[in-house]
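J.: Quick one, what's the 3D model for this:
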Amino acid sequence: MKSRIIILLILGLASSRSFAFESANSVLNPSFTEIYESGMPADWGNISHPNYLAQIGTRLVVSPENFLQVTRESKQTANLGEQRVLLAPEVRQVGISLRVRAPYFVIGDVDWQVPGLSYSWLLADNTERPIGPGSWLLLKYPTQEWTKLDTLIAKPADAIAIKISILGIGWIGQADFDDVRVEPIP
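T.: Prediction:
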């Protein structure tokens, strides 16, 4: 009887899913340790041209401590980097997380225009579907401390990938981004 209880406890622990799981991270260059000659982070696409960023007062720098630092002086939209992470058919859930800190920032015109990460599904028919309200990991208030933001979401059957994007809409200030993770769970 005692061994049966132990086995049930082990099975229960193995099947419970808290976001503290350590599955494989599918994000390339999640801590911005690699940079291109241009100074932009490797493997992160759709970053606005440096001339446009300079024109609207936005600066992206990969710090020597390996995190992405974004400074924004205007509310104008800028692309700050995105990745598409392919998902195998057997994936049922996706864990998304990042660490962010922002010593100061001003919220944009709506409450989701703050430093953070957005995500949306890419479908088998080659279309993109927003996940809906709440499809962001957002920093709620300025902080000098690194803050982990995370979520666990169910994958639709027709989703073949998820797109993650560093938010560059509306907010003004400075924010640091690190350890971006997308962890597929079968």
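
J.: all contacts plus neighbour counts: C-alpha atoms, from now on.
T.: Will do.

J.: Sketch out the helices for this protein, chain order is fine.
T.: Using DSSP state H, the helices of the chain run over 2-15, 50-55.

J.: Any idea which helix or strand in this structure has the lowest mean pLDDT?
T.: The helix or strand of the chain with the poorest confidence is helix 2-15; it has a mean of 34 (mean pLDDT, DSSP states H and E).

J.: For the residue nearest the centre of the chain, which non-adjacent residue is spatially closest?
T.: The centre of the chain sits closest to Leu117, judged by C-alpha atoms, centre = their mean, with a distance of 4.4 Å. Excluding the flanking residues, the one nearest Leu117 by C-alpha to C-alpha, 6 or more residues apart in numbering is Ile166, at 4.6 Å.

J.: Ok, Asp150 next?
T.: Once flanking residues are discounted, Asp150 sits nearest to Ser97: 4.1 Å by C-alpha to C-alpha, 6+ apart.

J.: can you pull the contacts of that neighbour?
T.: By C-alpha atoms under 8 Å, 6 or more residues apart in numbering, Ser97 lies in contact with 137, 148-151, 179-182.

J.: Now list the buried members of these.
T.: Neighbour counting by 16 or more other C-alpha atoms under 10 Å classes 137, 149-150, 179-182 among the contacts of Ser97 as buried.

J.: Max pairwise distance over the residues you listed: which two?
T.: Spatially, the most separated pair among the buried ones among the contacts of Ser97 is Leu137 and Asp179, at 13.3 Å (C-alpha to C-alpha).

J.: need the strands for this protein, in chain order.
T.: 45-47, 58-62, 68-72, 80-86, 93-106, 116-123, 128-130, 136-138, 143-154, 159-166, 172-185 (DSSP state E).

J.: how about CSV for the ones you listed, with mean pLDDT and distance to Ile35 added?
T.: Converted to CSV, the strands of the chain look like this (pLDDT from 0 to 100; distance: least, C-alpha to C-alpha, whole Å):
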stretch, mean pLDDT, distance to Ile35
strand 45-47, 96, 12
strand 58-62, 96, 7
strand 68-72, 98, 10
strand 80-86, 96, 13
strand 93-106, 97, 19
strand 116-123, 93, 20
strand 128-130, 77, 28
strand 136-138, 95, 24
strand 143-154, 97, 22
strand 159-166, 95, 17
strand 172-185, 98, 14
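
J.: Which one of those strands lies nearest to Thr33?
T.: strand 58-62 (8.0 Å).

J.: packing partners for that closest one?
T.: Under the contact criterion of 3 or more C-alpha pairs under 8 Å, 6 or more residues apart in numbering; DSSP states H and E, strand 58-62 touches strand 68-72.

J.: rerun at 10 Å
T.: Judged by 3 or more C-alpha pairs under 10 Å, 6 or more residues apart in numbering; DSSP states H and E, the packing partners of strand 58-62 are helix 50-55, strand 68-72, strand 80-86, strand 172-185.
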